[in-house]
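[1] Kindly generate the corresponding structure for this input.
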Amino acid sequence: MAGPTPRYTLGVEIEVLVEPHKIRPPLQEKHALYYELLAKALRNRGLKAQHNDLTQREWRSSNYNEWYITRDGSLGNPANLIPTEAVSPILDTATDWDQEIDVFWDAMRAVFHMPQRAGTCGSHVHVSRGRNVRFTLAELKTIAYGIVVYEDRVMDLLMAYRQDNAYCKPNSKNSFQLQRAGGNRVFIANMIRSAATPEALRDIMQNSRYVLWNFDNVAANKSGTIEFRGGRFLRGEVRTKRWMTFAVAFIHAMLRMNDLATNGLSAGSTAVLYSEIKRAAQELGMGEFLPKKFGVLNETLPSV
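    Sure thing, here's the model as predicted:
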């Protein structure tokens, strides 16, 4: 008899450079106005939303129960565009989270033209076991091992411009401790098993937060999420749901496969790993959002 469907919570940070339908010059001085207009458009469609008015220290909802529209300094200040970051509320794989993403992009289209194809923009997905439910240390270790040993295959699944990006370096290239391992799976497994706390595991996985899989938030005083930072720039709901699904399904696949138990590598190729990620997505009720072929995911093949 099948058990209950696993569930996770997730959230997304969407970076865009956008041109408003109605430009009120000087545009470079009106960013907060357009953040407010987008927040209003979201509220008009039934979603909770606030915006950064840029007049005081930035505020964010402490419990992430609403959309927050703000700016990201990494996007610069182009003359004819609004640099924008949209931070979602906490969503749940057991609910109609995808409908919230559809409504968000409907609101975006009401205020702005299609976002620019901008390599400076990316997307970040935060994943946790549930609202106020943290991954156990054993789960974090299993996920961490999978992240390291499947790193090359995961890089194959990313678009080329996200494979060598300063804001999402592969963990093994941004960790003094992992570099010492030299790719030796037994060494990696033993080092990860030796972590006595989530903070110690974080220090094994990275030197800074600018890594593909960021463990900063697993510390005891933080949110408990693992952050996937390798998503492409987003211009609509299809790829937003695709990359959100990829992040949570990869984590679920790592827990299902549990290769740390054997110092192993059960997915021998990128195609096999992708099939495991798709299987995990199906188990979560999210399978419809991943393409059949990983070449469509990394955009080396056209969408069909």
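[2] What ranges does the stretch 51-200 of the chain have for its strands?
    67-70, 82-87, 91-92, 123-128 (DSSP state E, counting those that start in this stretch).
[3] So for Leu301, which of these sits nearest?
    strand 123-128 (20.6 Å; C-beta to C-beta). Just so you know, the C-beta spots here come from the backbone N, C-alpha and C atoms, and that holds for glycine as well.
[4] Name the residues that touch the closest one?
    Strand 123-128 has contacts (C-beta atoms under 8 Å, 6 or more residues apart in numbering) with 8-15, 134-135, 217, 223-229, 231-234, 240, 243-244, 246-248, 251.
[5] Leu158 is nearest to which of the strands of the stretch 51-200 of the chain?
    Per C-beta to C-beta, nearest to Leu158 of the strands of the stretch 51-200 of the chain: strand 123-128, 11.8 Å.
[6] where along the stretch 51-200 of the chain do the helices fall?
    Under the criterion DSSP state H, counting those that start in this stretch, helices of the stretch 51-200 of the chain are mapped to 97-111, 137-149, 151-157, 176-181, 185-193, 198-205.
[7] Spatially central residue in this protein, please.
    For the chain, the residue nearest the mean C-alpha position is Val125 (1.8 Å; C-alpha atoms, centre = their mean).
[8] measure Ile143 to Phe246 for me?
    Here the criterion is C-beta to C-beta, to the nearest Å. By it, Ile143 lies 14 Å from Phe246.
[9] From what I see, Gln206 and Phe176 are in contact.
    No - here Gln206 does not reach Phe176: they are 9.7 Å apart, not a contact under C-beta atoms under 8 Å.
[10] neighbour count winner among these two?
    Gln206 (24 against 10; other C-beta atoms under 10 Å).
[11] Contact partners for the residue nearest to the residue nearest to the centre of the chain when sequence neighbours are not counted?
    Leaving aside its sequence neighbours, Val125 sits nearest to Ala247 (C-beta to C-beta, 6 or more residues apart in numbering; 3.8 Å). Counting by C-beta under 8 Å, 6+ apart, Ala247 touches 10, 125, 127, 228, 231.
[12] Just confirm Ala247 is within a helix.
    Yes - assessed by DSSP: H, G, I helix; E, B strand; the rest coil, Ala247 belongs to a helix.
[13] Can you give me the distance of it to Thr262?
    Per C-beta to C-beta, Ala247 is found 25 Å from Thr262.
[14] returning to what we had before: tell me the bridge partners for the residue nearest to the centre of the chain.
    Listed by DSSP bridges, the beta-bridge partners for Val125 are Val12, Phe228.
[15] okay, it: pLDDT?
    pLDDT for Val125: 98.
[16] how about low-confidence regions in the stretch 101-250 of the chain?
    Scanning the stretch 101-250 of the chain for pLDDT under 70 picks out nothing.
[17] One more pass at 80, please.
    164 (pLDDT under 80).
[18] What are the structural domain limits within the chain?
    9-121, 137-297 (automatic domain parsing).
[19] Using a markdown table, please lay out these together with distance to Ser303.
    Shown next, in a markdown table, are these (distance: least, C-beta to C-beta, whole Å):
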| stretch | distance to Ser303 |
| --- | --- |
| domain 9-121 | 15 |
| domain 137-297 | 6 |
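[20] out of those, deepest packed?
    domain 137-297 (a mean of 19; mean count of other C-beta atoms under 10 Å).
[21] what about that one, how long is it end to end?
    The first and final residues of domain 137-297 sit 31 Å from each other (C-alpha to C-alpha, to the nearest Å).
[22] do stretch 174-193 as well
    One end of stretch 174-193 to the other measures 19 Å (C-alpha to C-alpha).
[23] residues in contact with that stretch?
    Outside stretch 174-193, the residues that touch it by C-beta under 8 Å, 6+ apart are 141, 144-145, 148-149, 171-173, 201, 203-208, 210-211, 260, 263-265.
[24] how about a cut-off of 10 Å?
    When contacts are defined by C-beta atoms under 10 Å, 6 or more residues apart in numbering, stretch 174-193 is touched by residues 138, 140-145, 147-149, 151-152, 168-173, 195, 200-212, 214, 259-265.
[25] Stretch 260-271 now?
    Contacts of stretch 260-271 with the rest of the structure, by C-beta under 10 Å, 6+ apart, involve 138, 141-146, 149-150, 152-157, 184-190, 192-193, 253-254, 256-259, 272-277, 293-295, 298.
[26] what about 6 Å?
    142, 145, 149, 153, 156, 185-186, 189, 257, 259, 273, 276 (C-beta atoms under 6 Å, 6 or more residues apart in numbering).
[27] and what of stretch 280-299?
    Defining contact as C-beta under 6 Å, 6+ apart, one finds that stretch 280-299 is touched by 93, 157-159, 241-242, 245, 249, 252-253, 274, 278, 301, 303.
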